[in-house]
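# next input, structure requested:
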Amino acid sequence: MNTTCIMCPMGCSLTVEEEGKEIVVKGNGCPRGEKYGRAEYSHPERVVTTLLKKEKGGVVSVKTDRPIPKDKIADLLLWAAAFRVQGQYKTGDVLAVNPVDCGANILATADEEE
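Next up, the predicted model:
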């Protein structure tokens, strides 16, 4: 597998392969790249940012409070398309707890505009 490390601005080009039972990372310029390559190969995850519609019109900028498995992203985005935010919120408020069993909560990333 070829990927680009995102752990620092260097953006090292990584080659990650399984040799026997060991995951081997090549091309990393530092230990963070090796750790990233191993994780990306065995269990890729991402923080998801999106917009949720408000019940009374408008949208809310949100993100997951931790990375979620890449294979859960599509389910989360389908959920987000149907979900409506009710009531008031401010930056950091949890707007949903572990939707679609993704392993993360959904946080508001901006205060509600009046």
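
# strands along this structure, start to end?
For the chain, strands defined by DSSP state E occupy the ranges 2-4, 13-19, 22-26, 45-46, 49-54, 59-64, 68-69, 84-85, 94-96, 106-108.

# and these, which is most packed in?
Among the strands of the chain, ranked by average contacts under mean count of other CB atoms under 10 Å, first place goes to strand 106-108 (a mean of 21). Yep, even glycine has a C-beta here, placed from its N, CA and C like the rest.

# name the helices or strands packed onto that strand?
For strand 106-108, the elements it packs on are strand 59-64, strand 94-96, judged by 3 or more CB pairs under 8 Å, 6 or more residues apart in numbering; DSSP states H and E.

# so how far is that strand from its chain's centroid?
Chain-centre distance of strand 106-108: 12 Å, with CA atoms, centre = their mean, to the nearest Å.

# follow-up on the earlier one: next, format the strands of the chain as a markdown table and append mean pLDDT.
What follows is the strands of the chain, written out as a markdown table (pLDDT from 0 to 100):
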| stretch | mean pLDDT |
| --- | --- |
| strand 2-4 | 97 |
| strand 13-19 | 96 |
| strand 22-26 | 96 |
| strand 45-46 | 95 |
| strand 49-54 | 97 |
| strand 59-64 | 97 |
| strand 68-69 | 98 |
| strand 84-85 | 96 |
| strand 94-96 | 97 |
| strand 106-108 | 98 |
